[in-house]
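Colleague: here is my input, please return the structure:
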Amino acid sequence: MIAIINQDIYTGGNGLNSGDTCPNSEFLFESIYNQSLSQRNTVNIYDYKENKTMLIAFLPEIGNKNKYSEIITSAFETYFSEGMAFGRPYEWNKYKDNIKVLLVTKNDQAEVKDFLNQKNFSFDIVPDINLELANSFGINSWDSQTEASYVYVVDKNNKITFANHDYKGEGEKLRTIQKELFAQLNITDPAYILKENNQILFTGDNAPDFKFTYTDFSSGTQSTASLSDYFGIKNVIIAFYPAPYSMSCAAEVKTFDAYAENQTLNKLSSSNVGAKNDVEILMVSNSGIEILNKWKKDMQLKNVKLVSDNSGLISSEYASNSSFGYFKRTLFIIDKTGKISYINWNYQVDDKDFGIVQDQLAMIAEN
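Modeller: As a prediction, this is how the structure comes out:
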């Protein structure tokens, strides 16, 4: 039997806000790592938290009916439950006992159990089919299975320090959640050094050179390269983006990976290796290499290079970072002479902007 009892019901607007006190509602939850714990009658939030920082997200549905479910749950598992957002494994070990990750969904108990067993996710999930726990957070209803999620960060003193009522898997919002958790756990945010660069680049400028590390697709080993390695050999797309495991970023990387695959197949079929339209695609974020490697595997990427610019040095040279701790979605095309031939300071992940990129590459090939 799934039930939530003795709850604190919030009767204000649709969703609690930053500064509010977290309700001490009672609930049941499912966990793949501690079945006996999840099968006890009920637990209240404060006892569940154990004076730790808690990330709690309310998702309308955790299956295929909600188009944001897959990206949100994968992001939370990778970034926060596995702790890849907090550094390398030895660094995460210092913080993992100070955070709880809890998801709440309208799915029933059987669906939640099946989901956890299939995905092997390590966070706990509350089957809140009657919205009792959601109501205690001021969430009156989810009218559609395609609606956005509510996300909260609750500090050790049970105060809500972060609230978002419209989370749809955006990379910018994911980074904001990460930044708040860094603050609560007293972690030095690597993105604190990111400052906006007022030196704007123009088409025709020499592309600032940089070194980078990436994972070689064929060998699976880490390799290093420089942008200038491609001068005289390939045109280069440099695409900055906010975060792996986000909706638009996933669409962007898949589009460019498919494009690069098609270019490779065309060259092989025509024996036209070294043609003017040869292109290397570098997708740059300030995520660590561990997250990028996992994302590459999960997305089944084979062609683009995922570049880790954790220090923000590359993005600074290209005026593509922001004071919010993530990269702007910008795009540069560097021709074989090493000059910038195209810039999009606000790249949109749609057919129109991608078509412009294709046209620009075709124009370069004709010259």
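
Colleague: break down the stretch 151-300 of the chain into its strands, ranges please.
Modeller: For the stretch 151-300 of the chain, applying DSSP state E, counting those that start in this stretch gives strands covering 160-167, 211-215, 222-226, 235-240, 279-285.

Colleague: ok and the fourth one relative to strand 279-285, angle-wise?
Modeller: Put plainly, it is strand 235-240. Here strand 235-240 runs at an angle of 10 degrees relative to strand 279-285 (axes from the mean of the first three to the mean of the last three C-alpha atoms, to 10 degrees).

Colleague: sheet-wise, list the partners of strand 235-240 with their directions.
Modeller: Strands that pair with strand 235-240, judged by DSSP bridges, come out as strand 279-285 (parallel), strand 331-334 (antiparallel).

Colleague: please work out the average pLDDT along the first one.
Modeller: When pLDDT is averaged along strand 279-285, the result is 94.

Colleague: got the contact list for that strand?
Modeller: By C-beta atoms under 8 Å, 6 or more residues apart in numbering, the residues outside strand 279-285 that reach it are 212, 214, 227, 230, 234-244, 249, 252-253, 256-257, 259-260, 263, 292, 303-309, 314-315, 320, 326-327, 361. All C-beta spots, glycine's among them, are computed from the backbone N, C-alpha and C.

Colleague: does the nearest residue to Asp128 once chain neighbours are set aside count as helix, strand or coil?
Modeller: Once flanking residues are discounted, Asp128 sits nearest to Val104: 4.9 Å by C-beta to C-beta, 6 or more residues apart in numbering. In three-state terms, and counting by DSSP: H, G, I helix; E, B strand; the rest coil, Val104 is strand.

Colleague: again with Thr337
Modeller: Going by three-state DSSP: Thr337 is coil.

Colleague: what's the domain layout of the chain?
Modeller: As assigned by automatic domain parsing, the chain contains the domains 26-188, 211-366.

Colleague: roughly how far is the shortest one from the heart of the chain?
Modeller: So that's domain 211-366. On the basis of C-alpha atoms, centre = their mean, to the nearest Å, domain 211-366 sits 17 Å off its chain's mean C-alpha point.

Colleague: which residues in the stretch 51-200 of the chain form helices?
Modeller: Along the stretch 51-200 of the chain, counting by DSSP state H, counting those that start in this stretch, helices occupy 69-76, 89-92, 109-119, 132-136, 171-184.

Colleague: so for the shortest one, mean pLDDT?
Modeller: What that stands for is helix 89-92. For helix 89-92, mean pLDDT is 74.

Colleague: first-to-last residue distance for stretch 325-334?
Modeller: End-to-end span of stretch 325-334 (C-alpha to C-alpha, to the nearest Å): 26 Å.

Colleague: those strands in the stretch 1-150 of the chain, which residues are they?
Modeller: 26-27, 43-44, 53-59, 99-105, 124-127, 149-154.

Colleague: what distance separates the start and the end of stretch 65-85?
Modeller: Start-to-end span of stretch 65-85 (C-alpha to C-alpha) is 28 Å.

Colleague: just checking, what packs against the longest helix seen in the chain?
Modeller: What stands out as the longest helix in the chain, according to DSSP state H, is helix 247-270. Where contact means 3 or more C-beta pairs under 8 Å, 6 or more residues apart in numbering; DSSP states H and E, helix 247-270 is packed against helix 171-184, strand 235-240, strand 279-285, helix 289-299, helix 351-366.

Colleague: again, only using 7 Å
Modeller: Judged by 3 or more C-beta pairs under 7 Å, 6 or more residues apart in numbering; DSSP states H and E, helix 247-270 is in contact with strand 235-240, strand 279-285, helix 289-299.

Colleague: now Pro242. Nearest residue, chain neighbours left out?
Modeller: Nearest residue to Pro242, sequence neighbours excluded (C-beta to C-beta, 6+ apart): Gly171, at 3.2 Å.

Colleague: so who does that neighbour touch?
Modeller: Neighbouring residues of Gly171 by C-beta atoms under 7 Å, 6 or more residues apart in numbering: 241-243, 246, 248-249, 326.

Colleague: so among those residues, where is pLDDT lowest?
Modeller: Across the contacts of Gly171, the smallest pLDDT goes to Tyr326, namely 87.

Colleague: I'd say it and Ala243 touch.
Modeller: Yes. If you go by C-beta atoms under 7 Å, Tyr326 and Ala243 touch, sitting 6.2 Å apart.

Colleague: could you check the pLDDT of Leu37?
Modeller: Per-residue pLDDT puts Leu37 at 53.

Colleague: who's in contact with the spatially closest residue to Asn293 that is not a sequence neighbour?
Modeller: Leaving aside its sequence neighbours, Asn293 sits nearest to Thr215 (C-beta to C-beta, 6+ apart; 5.4 Å). Contact analysis of Thr215 by C-beta under 7 Å, 6+ apart lists 222, 293, 296.

Colleague: same deal with Ile340?
Modeller: 201, 203-205, 207, 332, 334.

Colleague: which secondary element of the protein has the worst mean pLDDT?
Modeller: When the helices and strands of the chain are scored by mean pLDDT, DSSP states H and E, helix 35-38 comes last with a mean of 53.

Colleague: before we move on, back to that, so which of the strands of the stretch 151-300 of the chain gets nearest Val126?
Modeller: Within those, the stretch nearest Val126 is strand 160-167; the backing value is 17.1 Å (C-beta to C-beta).

Colleague: now the helices of the stretch 51-200 of the chain as JSON lines including distance to Ala148?
Modeller: Output for the helices of the stretch 51-200 of the chain, formatted as JSON lines (distance: least, C-beta to C-beta, whole Å):
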{"stretch": "helix 69-76", "distance to Ala148": "10"}
{"stretch": "helix 89-92", "distance to Ala148": "28"}
{"stretch": "helix 109-119", "distance to Ala148": "19"}
{"stretch": "helix 132-136", "distance to Ala148": "13"}
{"stretch": "helix 171-184", "distance to Ala148": "10"}
